[in-house]
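In: next one to model:
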Amino acid sequence: MEVLDTVLRDGYARDAGCALAAAVAAYLWVKLFDVLASKNVLDARLSRKIIHTTSGPFFMLTWPLFGAAASSQVIAALVPTVQAMRLFAIGSGLVSNENAVKAVSREGDKSELLGGPFIYTLVLLLVTAVCWRGSPGGIAALSMMCAGDGLADIVGRRLGRGNALPWNKQKSLAGSVGMFVGGLSCSLVSISQLPHSAD
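Out: The predicted structure is shown next:
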């Protein structure tokens, strides 16, 4: 990162390039699972949970690429803003994209994109705009929302039979452990990769 800082320095060009690269990578990542779900290579539920689990952490790993200028944080926040606008456009029917609906929704209804998936991108936007690299707490919150919550469902559905929680039979000990381990691991890895986290 020090070499990158020396070569590129701070500036709009660096941040715009990083934002564009992050947005394109995020789009291609989701598109990959759109295609896999549409071809029934992956179950739609699993596809949705993998997107949920990985999209936020992958975006956080791009944060060190941005400069240290005050505008860098704002430009970085444009990445989840674009994704939120895309989900809104598809969910409201302004844009037709059946593959995206199949990959991200639970029941195949485009309006579902205006619920959890849209809120997910808004939380990414809010944490980027308000906390970003200067807040381990913000990074931990995103890690729990993304990796923790996503893995809770994936692990719970596969290993949760016979170990339901006493206070909530719809949740399992296996899923809860998956959430804790996934969220904690993602937090530690993400924080360790952010050399500017104390800025």
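In: beyond whichever strand or helix holds Val24, next helix or strand please.
Out: For Val24, the host element (DSSP states H and E) is helix 12-38. Of the helices and strands lying after helix 12-38 in sequence (DSSP H and E), the nearest is helix 44-60.
In: go through the next helix or strand after that following helix and flag the buried ones.
Out: Per DSSP H and E, the first helix or strand lying C-terminal to helix 44-60 is helix 70-91. For helix 70-91, the neighbour count (16 or more other CB atoms under 10 Å) marks 72-73, 75-84, 86-88, 90-91 as buried. All C-beta atoms are positioned from the backbone trio N, CA, C, and that covers glycine.
In: what is helix 70-91 packed up against?
Out: helix 12-38, helix 98-104, helix 116-130 (3 or more CB pairs under 8 Å, 6 or more residues apart in numbering; DSSP states H and E).
In: recalculate using a threshold of 10 Å.
Out: In terms of contacts (3 or more CB pairs under 10 Å, 6 or more residues apart in numbering; DSSP states H and E), helix 70-91 is packed against helix 12-38, helix 44-60, helix 98-104, helix 116-130.
In: ok now that helix, how far from the chain's centre?
Out: From the chain centre to the centre of helix 70-91 is a distance of 12 Å (CA atoms, centre = their mean, to the nearest Å).
In: got the angle between that helix and helix 44-60?
Out: 160 degrees (axes from the mean of the first three to the mean of the last three CA atoms, to 10 degrees).
In: what residues sit buried inside the helix holding Val24?
Out: 14-15, 18-19, 22-23, 26, 29-30, 33-34, 36-38.
In: just name the closest of the residues you listed to Gly134, please.
Out: Minimum distance to Gly134 across the buried residues of helix 12-38 is 16.3 Å, recorded for Asp15 (CB to CB).
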